[in-house]
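# Sequence first, then the predicted structure, then my questions.
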Amino acid sequence: MDGHIHSNWLDAEQPMDAVFPVLNLIVSGGHTELVVMRDHGDYEVIGETQDDAVGEAFDKVARMLGLGYPGGPAISKLAQEGNPLAFPFPQPMRDSNSFHFSYSGLKTAVLYALRDMGDALKESARADVAASFQEAAIEVLVHKTIRAAHANRCENGFALWRCFCKQTPPRAPRTAPCRRRHRPRTAAHEIHH
């Protein structure tokens, strides 16, 4: 965790100044975590995955759609051609009182949608499934991150998208009231609410 969080300070071109506390959203490998950083080395995990992490869900849904590994970049690419509102996939735990995450239900909803389409699955429908899945998955991350930032009085936040995007994170959902500051970076993006 320490390496993921401190990687935000490694940008020699534009060093970051943090006003503590800082909220970190870590999406890496099998992890989906919200971590409040009160000072360097002083962390509190306030939310984490209860089953499948979001990166695992992206990998599994990509496999269902016949896409490559890792699933994030493959789904993100296909989703650009689809309608994110075509399938009303659930947004698990989005409005729960906790800051924890759960993606197994979303993954199962995609499985059932694909099963119901059977052999009638066309390329446009695959793109719609990818876009709708990505919208639901990212909306939960954004919603919980913003809510956690407000609850913990964090003025700064870092979203670490290491596992599912090699160059940029998937687009933020249209409803996300956050914006990027500074220039986009390959592995981390600073978000402000």
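Perfect, thanks for sending it.

# all helices of this structure, in order?
For the chain, applying DSSP state H gives helices covering 2-6, 54-64, 71-79, 104-117, 123-151.

# got these as TSV, with distance to residue 44 and mean pLDDT columns?
Heads up, the C-betas are built off the backbone N, CA and C, glycines and all. Formatted as TSV, the helices of the chain follow (distance: least, CB to CB, whole Å; pLDDT from 0 to 100):
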stretch	distance to residue 44	mean pLDDT
helix 2-6	12	69
helix 54-64	20	96
helix 71-79	27	95
helix 104-117	25	96
helix 123-151	11	95
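
# and residue 19, which of the ones you listed is closest to it?
helix 123-151 (12.1 Å; CB to CB).

# buried stuff in that closest one?
125-149 (16 or more other CB atoms under 10 Å).

# between it and helix 104-117, how big is the angle?
Interaxial angle, helix 123-151 versus helix 104-117 (axes from the mean of the first three to the mean of the last three CA atoms, to 10 degrees): 160 degrees.

# which strands and helices sit next to helix 123-151?
In this structure, helix 123-151 makes packing contacts with strand 22-28, strand 31-39, strand 42-48, helix 54-64, helix 71-79, helix 104-117, strand 156-160, judged by 3 or more CB pairs under 8 Å, 6 or more residues apart in numbering; DSSP states H and E.

# and the second one, which strands flank it?
Strand pairing for strand 31-39, using DSSP bridges, gives strand 22-28 (antiparallel), strand 42-48 (antiparallel).

# which of those strands is buried the deepest?
The highest average neighbour count among the strands paired with strand 31-39, using mean count of other CB atoms under 10 Å, belongs to strand 22-28 at a mean of 24.

# was I right about residue 134 contacting residue 85?
No - Residue 134 lies out of contact with residue 85 (CB atoms under 8 Å); the separation is 11.7 Å.

# before we move on, back to that, wait, which of the helices of the chain is closest to residue 25?
Of all the helices of the chain, helix 123-151 sits nearest to residue 25, with 4.8 Å by CB to CB.

# any idea how far residue 33 is from residue 58?
Residue 33 sits 16 Å away from residue 58, going by CB to CB, to the nearest Å.

# More neighbours: these two, which one.
A count of neighbours by other CB atoms under 10 Å puts residue 58 above the other of residue 33 and residue 58, at 31 against 22.
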